[in-house]
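1. after the sequence you'll find the predicted model.
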Amino acid sequence: MKKLQDLIGACALRLLSAVLCRLPHSAAAAFGKTLGKVAYVFSSRRAVVYADLKAALGSRTSEPERKKILRGHYAHMGQMFIEILRFPVLDKSSIRSSVHFHHLEHIRQAGQEGRGMILLSAHFGNWELSQVAYGVSFKPIHILARPQTYPRMNHFLNQMRETHGSVSTGRGMGIRHLLRCLRRGGAVGLLGDQDAGRAGGLILPFLGRKTTLPTGPFELALRTGAVIVPSFAVRRETFHDIYFEEPIRILAAGGELAAVRSAAGVFCRLLERYIERFPSQWLWETKRWKYSWTKRLLILSDGRPGHVRQSEAVAAQFKNIETQYGRAGMEYPAKIVGVHFKSPWRRRLFPWFALFFIPWAQGRLRLLGFFFTPESQKEILDSSADFVISAGAGLVPLNLCLAREARAKSIVVMKPAFPFNLFGYGLAVIPAHDRGLVPRRALRTLLAPNPIEREVLEASAHSFGACLRDPSRVKMAVFLGGPTRRYPMDIEAVQNLWRALEQIAPHTGDYVITTSRRTPEEVSRFLKASAPASRFCQRLVVEREDNRPDAVAAMMGLADILMVTEDSLSMISEAVSAGKKVVVLKLGEGLPPKHRRFQEILVRRRAASVATPEELERKIAQLQGRPAPVEAFREKETLQRRLQEIL
């Protein structure tokens with residue numbers, strides 16, 4: 001079947017070339033542009049091109065501008081295809097009228113040195129035309145061409161390249177021909193922007209991401225003493241400009257590898273400059289960043305500190321992965337996007353809109369401006385990532401939209417609500433207490449991810465301790481949450497807790513206490529009135545008034561016993577992950593069943609105790625002789641392995 005396809009394709013190309021060579025140039029160019037527009041509609045690679053365009057150019061282009069560049073790119077590729085098929089009718093006169101050479105002094109300068117010359121180009125503009133135009137206007141050159149899948153069509157393409165005296169060679173034995181040509185002082189044409197694969201080439205930054213670049217052109221120059229002249233063809237409306245840049249000379253004085261890396265870096269920066277000026281003329285269809293050592297992380301924040309910390313914990317585990325395919329140099333630039341809706345009813349409407357919008361999200365994120373504040377919308381439009389990370393069911397729809405936009409992988413913490421639990425994710429980190437249908441690629445964990453490392457706990461505790469009367473006496477830390485749905489937090493329950501703390505502190509040690517954004521105002525007023533008179537409360541942190549970013553870490557690092565109200569699953573997880581003794585404070589009734597399941601699992605595994613204010617003294621006494629739980633139950637290592645798998 002493949003041979004038949006090759007035969008039919010080669011015959012069709014020969015017939016089309018014969019017809020096009022008889023058409024006027026203007027008619028052939030119009031046909032090529034139309035062909036490109038048709039390819040734009042049916043291309044299966046269009047989404048890849050759009051995502052890479054946005055990743056490379058970022059906020060310098062808007063959605064409409066990227067789409068315009070995309071349409072222009074396909075029109076350019078259609079014209080290029082037709083121009084290649086018309087190579088047989090090119091001559092000096094047509095080249096002179098359609099191709100303008102710039103900076104020929106660089107060519108003359110390289111020629112005067114009496115050494116070989118490597119015309120180093122890229123898949124930019126009509127790179128095939130540039131070597132034919134050079135051969136017709138000056139002298140034929142040897143070019144290195146990558147073999148195509150179909151032999152007959154590959155042979156036909158090489159015939160087009162060689163219509164005016166240039167010699168096309170393949171890899172392997174063809175390299176020897178290039179070496180002989182350069183040593184005789186001849187000219188060779190090479191492309192230097194291909195992907196060098198997972199194991200080849202050098203890892204260098206290119207358009208904002210580290211990827212592999214081939215070293216072949218620079219090693220050839222090093223071996224033969226040839227001069228590299230970067231050359232780029234730029235399509236104009238009715239003609240082509242071919243620019244010859246300043247020659248690159250390989251100097252091995254500091255070592256061959258350093259010389260090759262320096263020269264490759266110079267070429268990369270030149271190519272980046274041309275791509276940024278003429279983005280529609282680079283071959284974006286190739287999987288140029290298939291092997292990339294830069295993984296951009298986009299963290300979505302709903303403003304809830306616990307959710308943000310869990311997302312940051314996932315990002316932190318990425319940063320422990322230092323190699324890929326056995327090669328070092330991984331980097332993980334991270335960006336946090338604050339997600340703010342214009343109104344509560346738009347927040348409720350958005351998941352229903354997103355359910356139908358997600359498949360069509362790429363290139364249409366501007367429609368989300370109806371839901372989000374202008375500040376959030378701008379960050380959403382400018383964002384591009386390899387991994388989109390969020391915690392909480394409320395951010396899942398936006399996570400999927402942004403992942404579709406950038407062709408990124410979604411990572412969600414907590415079980416997505418129906419019907420989003422039916423979608424595909426790169427990874428879903430689902431607590432064991434969440435029931436129901438979970439996504440296929442799910443990691444079930446006891447605890448939510450916790451970003452606070454032991455070193456951070458100790459450092460934060462040291463700085464926090466400077467604000468206390470006697471940090472050595474602080475043995476307990478209390479974290480108050482707030483009411484959720486049908487779960488109240490009334491002032492009476494907090495007053496009972498305060499009396500219990502004052503009663504056990506003389507025997508156990510002093511304590512520090514903090515509120516959260518959800519803590520009722522009357523509770524905060526009671527604590528602010530009571531704390532100054534207490535002999536044992538060394539510090540009260542009211543979140544709305546003293547929002548120091550390291551307060552949670554400092555308190556966890558300072559105390560031996562951590563007490564967390566039962567409404568906050570994420571804070572309980574962080575407390576257990578800190579490797580301290582944990583008491584879950586039961587202050588009311590009405591929590592969802594999953595909270596109860598979580599408490600039961602913790603008690604069963606002896607990771608925490610559950611106590612009402614009346615039971616607190618007895619539970620604390622029981623904890624005194626019990627060792628702290630195993631730190632995070634090794635779940636960080638498991639998460640890291642799963643992230644390595646999807647990297």
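-> It's in.
2. rest of the way, CA atoms for contacts and neighbours
-> Noted.
3. show me the residues around Ala428 that make contact.
-> Counting by Cα atoms under 8 Å, 6 or more residues apart in numbering, Ala428 touches 411-415, 439, 441-443.
4. make a ChimeraX selection of the buried ones in those.
-> The ChimeraX command for the buried members of those (criterion: 16 or more other Cα atoms under 10 Å) is given here:
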select :411,412,413,414,415,439,442,443
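5. dump the contacts of Ala428 into CSV; add distance to Ala258 and pLDDT as well.
-> Below are the contacts of Ala428 laid out as CSV (distance: Cα to Cα, whole Å; pLDDT from 0 to 100):
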residue, distance to Ala258, pLDDT
Ile411, 38, 95
Val412, 42, 95
Val413, 43, 91
Met414, 47, 88
Lys415, 49, 89
Pro439, 47, 90
Arg441, 43, 90
Ala442, 44, 89
Leu443, 43, 89
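6. please identify which of the contacts of Ala428 is nearest to Tyr40.
-> Tyr40 lies nearest to Ile411 out of these, by Cα to Cα, at 30.9 Å.
7. and that closest one, that one's in a helix?
-> No: going by DSSP: H, G, I helix; E, B strand; the rest coil, the assignment for Ile411 is strand, not a helix.
8. need the contact list for Phe31.
-> 79, 82.
9. per-residue pLDDT, it?
-> Per-residue confidence (pLDDT) for Phe31: 92.
10. element containing it?
-> According to DSSP states H and E, Phe31 maps onto helix 25-42.
11. for Ile620, same thing?
-> Counting by DSSP H and E, Ile620 is found in helix 616-624.
12. what distance separates that helix from the middle of the whole chain?
-> The chain centroid and the centroid of helix 616-624 are separated by 47 Å, computed with Cα atoms, centre = their mean, to the nearest Å.
13. do stretch 248-265 as well
-> In terms of Cα atoms, centre = their mean, the centre of stretch 248-265 is found 30 Å from the chain centre.
14. quick one: terminal-to-terminal distance for that stretch?
-> 11 Å (Cα to Cα, to the nearest Å).
15. which parts of it are buried?
-> Residues of stretch 248-265 classed as buried: 248-251, 259-265 (neighbour count, 16+ other Cα under 10 Å).
16. list the contacts of it.
-> 202, 204, 213, 215, 218-219, 221-222, 225-230, 266.
17. of these, closest to Lys636?
-> Nearest to Lys636 among the contacts of stretch 248-265: Leu204, at 30.6 Å, using Cα to Cα.
18. need the contact list for the closest one.
-> Each residue near Leu204 by Cα under 8 Å, 6+ apart is listed here: 210-213, 265.
19. off-centre distance for stretch 65-74?
-> A distance of 23 Å separates the centroid of the chain from that of stretch 65-74, by Cα atoms, centre = their mean.
20. please read the previous query as pertaining to stretch 520-539.
-> Distance, stretch centre to chain centre, for stretch 520-539: 45 Å (Cα atoms, centre = their mean).
21. pull out the buried positions in that stretch.
-> For stretch 520-539, a neighbour-count test (16+ other Cα under 10 Å) marks 520, 523-524, 527, 531, 536-539 as buried.
22. looking at those, which two lie furthest apart in space?
-> Every pair of the buried residues of stretch 520-539 checked by Cα to Cα; the farthest is Pro520 and Phe536, at 23.2 Å.
23. narrow the contacts of stretch 248-265 to those that are buried.
-> By neighbour count, with 16+ other Cα under 10 Å, the contacts of stretch 248-265 hold 202, 204, 213, 215, 218-219, 221-222, 225-230 as buried.
24. considering those, which is situated nearest to Lys319?
-> Looking across those and measuring by Cα to Cα, the closest to Lys319 is Leu204, at 19.1 Å.
25. parallel or antiparallel, list what pairs with whichever helix or strand that closest one is part of.
-> Assessed by DSSP H and E, Leu204 sits inside strand 202-206. Here strand 202-206 is paired, per DSSP bridges, with strand 209-213 (antiparallel).
26. ok so, going back, with pLDDT and distance to Thr149 added, can I get the buried residues of stretch 520-539 in CSV?
-> Converted to CSV, the buried residues of stretch 520-539 look like this (pLDDT from 0 to 100; distance: Cα to Cα, whole Å):
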residue, pLDDT, distance to Thr149
Pro520, 90, 69
Val523, 91, 73
Ser524, 91, 72
Leu527, 92, 75
Ala531, 91, 77
Phe536, 92, 78
Cys537, 92, 75
Gln538, 91, 74
Arg539, 90, 72
